[in-house]
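Colleague: Sequence and computational prediction follow.
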Amino acid sequence: MAARGRCPECGSGSLVEDAHYAQQQLVCAACGCVLSEGLLTTTYTDEEHLREVAYSQSTGQKEQLSRCLQRGIRRVQDLCKVLKLPAAFEETAVSYFQRALELPAFHLVSLEKKELLGGCCVLVTCRQRRWPLTMGTVCSLLYAKQELFASVFLSLQRELGLSVPALSLADLVTTHLSSFRLVQPNANIPAPFLEDKEQLVARTMAIVELASDTWLVTGRHPVPVVTAAAFLAWQSLRPGPRLSCPLARFCHLAGVELPPPAQLRLKELLEILLAMASQLSWLRGFCLDKKTVVKHIGDLLQHRLFLLKRAFSQQDTGLGMSSVSQECQGSGLPSSPAVPQQQGCPSAGQQQQRGTLKPLLPPCLLHPRKRLRAAAPSAASAALTGDEPISDSEIEQYLRSPEEIRAFRRAKAWS
């Protein structure tokens, strides 16, 4: 039914009376603005005193919010039970969820984001308590997209002013390997493929630290690096029956997905290990390849720092003979004879024996995918040599204080 008057928002005269949950509302048909809402009684007290209240002030709105709160608390509690978190974690996560729903920023968000809010509270609690839990694990339990979950997580952190520490690489290794079926007694997995969890985590951590020292972690997603390191660690602990097992079958037996970049990270790690193995005197008589070098990963990791300095040129550190001999004594390796030193490598004689040393640089610099073409210089820029005189008026633009101006005038008078 049309009503008289105009909309204060858009000025349209198309105003209609619409019934919303049995209450009359005056609504603009052009822009949807609600000009007035009807009144209704919602409690026995109001009905006894014949008082009418608006729907926005009624108990119906509060009951709707309380139902959403109760449903969210149950979701947080169920998630904590699935993850087997302590009771203190559950209480903290529930308190974060209650605080978040009281903020106006989470009142008008979509239902999907409200469902993810409980998972974000659990993740924040685990990060603050140093409990190893990844965002991917929570997203898999909630069947959520990581991009949407990350946006809700950042909004919760910003609105509540929470300090959330980042998940360290060591925590990620422990969490990722805990889900491997290879570390759990399973009848479907052959006995030679089962491995002790603590030994596998320790060897994987050492390989990940080696990857970090050789620029293989910087700027990369950590899961492919951890997967490749866990595969090498698993093979090196019992190389006999495991060397013939490829990475794809290893991930299938472990019950985890094979991330596509893991093959590239595995190739890069094997190249680093081969370069390090070429510096061990007792391995120079063997013809090592990417399969046989896995047998000697334990020795390579034991002398990691020394072998990296021997295998790669350190361009930013002047490595002298004294530091090399100290490293040799600390690692138990025989030191090289005294020969002329050279900056960036242990000695010139060793460099001649091994050939030109490969610099230890990030893979993106050693193997760039795309080479940027240099733009052709313009005629104006080609004419500039850098020796052009600077005018006094241009210099005065950079002199702000009177003291600087007086100092400039004195210097000019002395010249």
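Modeller: Structure's in. What do you need?
Colleague: Local confidence estimate at V293?
Modeller: Looking at V293, its pLDDT stands at 92.
Colleague: ok, it touching S278?
Modeller: No: counting by Cβ atoms under 8 Å, S278 is not a contact partner of V293; they are 9.8 Å apart. The C-beta positions use only the backbone N, C-alpha and C, and glycine is treated the same way.
Colleague: Who has more neighbours out of those two?
Modeller: More neighbours surround V293 than the other of V293 and S278, with 22 against 15 (other Cβ atoms under 10 Å).
Colleague: The more buried one: what's it in contact with?
Modeller: Residues near V293 by Cβ atoms under 8 Å, 6 or more residues apart in numbering: 270, 273-274, 277, 300.
Colleague: okay if I get these as a markdown table plus secondary structure, neighbour count and pLDDT?
Modeller: Listed next are the contacts of V293 as a markdown table, based on DSSP: H, G, I helix; E, B strand; the rest coil; neighbours: other Cβ atoms under 10 Å; pLDDT from 0 to 100:
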| residue | secondary structure | neighbour count | pLDDT |
| --- | --- | --- | --- |
| L270 | helix | 17 | 94 |
| L273 | helix | 24 | 92 |
| L274 | helix | 16 | 91 |
| A277 | helix | 20 | 89 |
| L300 | helix | 25 | 92 |
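Colleague: domains for the protein, by residue range?
Modeller: 1-53, 67-166, 170-314 (the TED database).
Colleague: Adding distance to E404, write those domains out as CSV.
Modeller: Listed next are those as CSV, based on distance: least, Cβ to Cβ, whole Å:
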stretch, distance to E404
domain 1-53, 56
domain 67-166, 42
domain 170-314, 43
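Colleague: of all those domains, which lies closest to R410?
Modeller: Nearest of the domains of the chain to R410, taken as Cβ to Cβ: domain 170-314 at 48.3 Å.
Colleague: how about the nearest residue to R99, chain neighbours excluded?
Modeller: In this structure, R99 finds its nearest non-sequential neighbour in L160, 6.1 Å apart by Cβ to Cβ, 6 or more residues apart in numbering.
Colleague: follow-up on the earlier one: as CSV, the contacts of V293 with distance to R6 would be great.
Modeller: Formatted as CSV, those follow (distance: Cβ to Cβ, whole Å):
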residue, distance to R6
L270, 76
L273, 79
L274, 81
A277, 85
L300, 82
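Colleague: Can you give me the buried ones in the lengthiest helix in the chain?
Modeller: For the chain, the helix reaching the highest residue count under DSSP state H is reported as helix 59-82. Neighbour-count burial for helix 59-82, counted by 16 or more other Cβ atoms under 10 Å, picks out 72-73, 75-77, 79-80.
Colleague: and the helix or strand following that helix, what does it pack onto?
Modeller: Reading on from helix 59-82 to the C-terminus, the next helix or strand found by DSSP states H and E is helix 87-101. On a contact count with 3 or more Cβ pairs under 8 Å, 6 or more residues apart in numbering; DSSP states H and E, helix 87-101 meets helix 59-82, helix 111-128, helix 146-160.
Colleague: Tell me the buried residues in stretch 298-316?
Modeller: Residues of stretch 298-316 classed as buried: 300-301, 303-304, 306-314 (neighbour count, 16+ other Cβ under 10 Å).
Colleague: ditto for stretch 84-96
Modeller: 85, 89-90, 92-94, 96.
Colleague: ok, now which ones touch the closest residue to S163 other than its chain neighbours?
Modeller: Spatial nearest neighbour of S163, excluding adjacent residues (Cβ to Cβ, 6+ apart): Q128 at 7.6 Å. Contacts for Q128 (Cβ under 8 Å, 6+ apart) come out as 92, 162-165.
Colleague: Go again with 10 Å.
Modeller: Q128 is in contact with 89, 92, 96, 162-165, counting by Cβ atoms under 10 Å, 6 or more residues apart in numbering.
Colleague: Repeat that for V223.
Modeller: By Cβ under 10 Å, 6+ apart, the residues touching V223 are 134, 136, 172, 176, 256-257, 259, 261-262, 265.
Colleague: Perfect, I'm done here.
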